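In: How does the following fold in three dimensions:
(chains A and B)
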There are 2 protein chains.
Amino acid sequence: MDTGVDGLGDVSAPGRVAALGEGISLEELALAARNHGLPLEALRYDLTPVGLHYVLVHYDIPAADPDAWRLTVRGRVGTELTLDLRALRSYPAIVHRVTMECAGNGRARLTPRPVSQPWLVEAVGTAEWTGVPLRWLLAEAGVAGDAVETVFTGADHGLERGVEQDYQRSLPLAVAMGQDPEVLVAYEMNGRPLPPQHGFPLRLVVPGWYGMAHVKWLRDIEVVDAPFAGFQQHVAYRVRQSADEPGEPVTRIAPRALMIPPGFPEFMSRARVVRPGRVRLEGRAWSGHAPVTDVEVSTGDDWRPAELAATDGHEWAWRRWEAYWDAEPGHHVLGARARDADGNEQPLEQPWNRGGFANNLVQRVSVWCLPETRSSPAGAGGRGRG
Amino acid sequence: MDTGVDGLGDVSAPGRVAALGEGISLEELALAARNHGLPLEALRYDLTPVGLHYVLVHYDIPAADPDAWRLTVRGRVGTELTLDLRALRSYPAIVHRVTMECAGNGRARLTPRPVSQPWLVEAVGTAEWTGVPLRWLLAEAGVAGDAVETVFTGADHGLERGVEQDYQRSLPLAVAMGQDPEVLVAYEMNGRPLPPQHGFPLRLVVPGWYGMAHVKWLRDIEVVDAPFAGFQQHVAYRVRQSADEPGEPVTRIAPRALMIPPGFPEFMSRARVVRPGRVRLEGRAWSGHAPVTDVEVSTGDDWRPAELAATDGHEWAWRRWEAYWDAEPGHHVLGARARDADGNEQPLEQPWNRGGFANNLVQRVSVWCLPETRSSPAGAGGRGRG
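Out: This is a model prediction of the structure:
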């Protein structure tokens, strides 16, 4: 082993883009086996049950002792705070319903493919998060006049592209102090203590922002007087076309619609099977910029409007939509496309960048409509012995 | 589209084995993005929290209405039963702690690789399942003298290798009526209603058997007088060297030990980083044949005994083990190996078959021990812009 300098160079490689035609590697698969997406039929639930919400863990899930856990609020403040869970639960409990999506969602379908967590399209979920508004804690600590950002540190520790680190991200002070969206220091998900993989005992929730901002296993909040230059802020999570440009930061969620794949699946390909006739298409759509105003569906070449469910007051959560399709025998490719009140719309061509971030290319669903007859009874024997 | 015969041939391909050097396909990745394993650090929990327990769903998670759900017990019985959830909860609640593992665990590391759900090594979990012993229900229904098997049908529906089916599996009557292990019709996992992905509202739990036997979304139990010949019994889940042999059925779990990877991870490779000195190695071991009696660890060429935790009365659940390692700078490959009271032992060479079933090749963990010095502060910038 080369132990020159610090020895990390042998262990941790720079980011890269896969060669054209290069299959998914065992390393990418190892990430996919740990982290997981929302099975798309789970778009049926208004609130995603635990275990179906997408999860991305950069390093390991920390072993957390809730009794010993302390959250510090420090830096450019008048009074440092050290809060245990009991102290945080003594504030009035505020609940926000939030749709969260990984910034790398859709990465594995990009050409060429950025090599990282290989999401296809399913890195999303919606939960109700209970906690204390961050702005209350910052107000209590008293933010100094020269403060510009707040830096959040999690307890998860690892090595990434040569940098040993605790996971850290920052938010501009205006976002951290904002009232809508209101950032939470959350201790419950769907009315129960956070599951380990979602940040037990504490995490940040930043409505409208991609998942990298919602720092899990939150242990420290530092108010700083200069922009934070840490790895996850300035090296990772930047939109770049080439490796040597500074790039633009990844922030709010671009609009996306997802469809519950209709009919039933073929095991290996996940292609869908329906029979002729009227098929209900249903899904969810969301945007972190502004409310979703339109969803269109395609069952061939054209796009036509889907019906949006009434707004339900949960401005930072997904919105249900539905449409109907008269399926005829043959192979079909379906799609759904969202637009928000700011005029942001999902592209029909891939929005490529080296990190595979904020890629909201429209979902495509491959559907086979069979002839009328039912083909084989349940449980019958078949061809293709394995 | 070829709609000849039944049209399914275009949609659903026979099982296959990947070509040598063939990368993981997008189809395999789509399965890995839905189904997920246990993040190995979660081996720390005696009971696996929901969302960390491995999940394999063959088709879609069904939308279940618990009020309308009925379980039927019929076939070669004296009295057919139709039970709703209230009726099932009226029996004394029996709880079993059970380690469950997917029969395909380890498949993606086989050479050549069987193409299916691409597990690396993490398809395992341990839960406490609450329900009604199956033998009570069968006794109440009164099993006929000519009965040989019970067939279990789930509500999940799909197409697999040309066969449209509800998921169905059978058990020999002696197993179904057995007292140890005792098969449960379970309605709770870790003291709460089953999560959707684990079979809500009802599933079978068959202690000691691979996951395919634990039929989820259970809606029907049929007592039959001839061996069941359905797809999941006779086509899938058979140990075969060639496609045209009948093969042996997959049944009980072969012994396996897994180690919590020590130190901290490199994000992309999941390789581990430790610093010199004494490192505690810890993990779990289990077997569906007989209690685990020995675990050995390797930190190089030799194997030496790990210390097993005291037995805790949970005969069908994993057992904790630990060992210590004096780490020195350099690259190391660790391993752990279990043996059970029946003399079954994990192999050091892959036990290959076309389905990639019951493969309990020893786990290998790649660890880099760095020199003494800490290399870079948390959150520092680094090389390798993405």
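In: Which one of the residues in chain A is closest to chain B?
Out: In chain A, the residue that lies nearest chain B is A:Gly23 (1.4 Å; CB to the nearest CB). The way it works is simple: take the backbone N, C-alpha and C, and place the C-beta from them, glycine included.
In: quick check, A:Arg86 in a helix?
Out: Yes - A:Arg86: assigned to a helix according to DSSP: H, G, I helix; E, B strand; the rest coil.
In: pLDDT value on it, please?
Out: pLDDT for A:Arg86: 98.
In: In the stretch 251-386 of chain A, what residue spans correspond to strands?
Out: Remark: strands assigned in the stretch 251-386 of chain A by DSSP state E, counting those that start in this stretch are A:256-259, A:264-265, A:272-274, A:277-286, A:292-298, A:304-305, A:307-308, A:319-327, A:330-340, A:363-369.
In: Make JSON lines from those and add mean neighbour count, mean pLDDT and distance to chain B to it.
Out: What follows is the strands of the stretch 251-386 of chain A, written out as JSON lines (neighbours: other CB atoms under 10 Å in any protein chain shown; pLDDT from 0 to 100; distance: least, CB to the nearest CB, whole Å):
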{"stretch": "strand A:256-259", "mean neighbour count": "26", "mean pLDDT": "98", "distance to chain B": "13"}
{"stretch": "strand A:264-265", "mean neighbour count": "21", "mean pLDDT": "98", "distance to chain B": "5"}
{"stretch": "strand A:272-274", "mean neighbour count": "21", "mean pLDDT": "97", "distance to chain B": "6"}
{"stretch": "strand A:277-286", "mean neighbour count": "19", "mean pLDDT": "98", "distance to chain B": "11"}
{"stretch": "strand A:292-298", "mean neighbour count": "20", "mean pLDDT": "98", "distance to chain B": "19"}
{"stretch": "strand A:304-305", "mean neighbour count": "10", "mean pLDDT": "98", "distance to chain B": "23"}
{"stretch": "strand A:307-308", "mean neighbour count": "14", "mean pLDDT": "98", "distance to chain B": "20"}
{"stretch": "strand A:319-327", "mean neighbour count": "19", "mean pLDDT": "98", "distance to chain B": "12"}
{"stretch": "strand A:330-340", "mean neighbour count": "20", "mean pLDDT": "97", "distance to chain B": "5"}
{"stretch": "strand A:363-369", "mean neighbour count": "20", "mean pLDDT": "97", "distance to chain B": "5"}
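In: and A:Glu315, how many neighbours does it have?
Out: 16 (other CB atoms under 10 Å in any protein chain shown).
In: Oh, that last question was meant for A:Met189, not what I typed.
Out: Counted with other CB under 10 Å, the neighbours of A:Met189 add up to 24.
In: From what I see, it and A:Pro196 are in contact.
Out: No - distance between A:Met189 and A:Pro196: 11.2 Å, which falls outside the contact criterion (CB atoms under 8 Å).
In: which residues of chain A score low on pLDDT?
Out: Of all residues in chain A, those with pLDDT under 70 make up the ranges A:1-7, A:9, A:373-386.
In: Kindly recompute the last result at 90.
Out: A:1-14, A:20-21, A:301, A:311-312, A:372-386 (pLDDT under 90).
In: element containing A:Gln232, please.
Out: helix A:231-234 (DSSP states H and E).
In: could you dump the strands of the stretch 251-386 of chain A to CSV with distance to A:Arg169?
Out: Rendered in CSV, the data for those read as follows (distance: least, CB to CB, whole Å):
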stretch, distance to A:Arg169
strand A:256-259, 22
strand A:264-265, 37
strand A:272-274, 38
strand A:277-286, 21
strand A:292-298, 26
strand A:304-305, 38
strand A:307-308, 33
strand A:319-327, 27
strand A:330-340, 24
strand A:363-369, 28
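In: what about those strands, which gets the closest to B:Gly211?
Out: Of all these, strand A:264-265 sits nearest to B:Gly211, with 18.6 Å by CB to CB.
In: Up against chain B, what does the stretch 51-200 of chain A have?
Out: A:51-53, A:55, A:57-61, A:63, A:108-109, A:114-116, A:118-120, A:122, A:151, A:153, A:157-166, A:168, A:195-198 (CB under 8 Å from any CB of the partner chain).
In: Please produce a ChimeraX select command covering the buried subset of the residues you listed.
Out: In ChimeraX syntax, the buried subset of these is picked out as below (16 or more other CB atoms under 10 Å in any protein chain shown):
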select /A:51,52,53,55,57,58,59,60,61,108,109,114,115,116,118,119,120,122,151,153,157,158,159,160,161,162,163,164,165,166,168,195,196,197,198
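In: Return the subset of the residues of the stretch 51-200 of chain A next to chain B lying in strands.
Out: A:151, A:153, A:157-160, A:163-166, A:168 (DSSP state E).
In: which one among these gets closest to B:Arg339?
Out: Proximity of these to B:Arg339 (CB to CB) peaks at A:Gly158, which lies at 33.5 Å.
In: Would you agree the closest one is in contact with A:Gln165?
Out: Yes - using CB under 8 Å, A:Gly158 is in contact with A:Gln165, at 6.9 Å.
In: neighbours around the closest residue to the residue of chain A closest to chain B other than its chain neighbours, how many?
Out: Among residues not flanking A:Gly23 along the chain, B:Gly23 sits closest, at 1.4 Å (CB to CB, 6 or more residues apart in numbering or on different chains). By other CB under 10 Å, the residues close to B:Gly23 number 18.
In: In this structure B:Gly23 contacts A:Glu28, no?
Out: No - proximity of B:Gly23 to A:Glu28 does not meet the contact threshold set by CB under 8 Å, at 9.3 Å.
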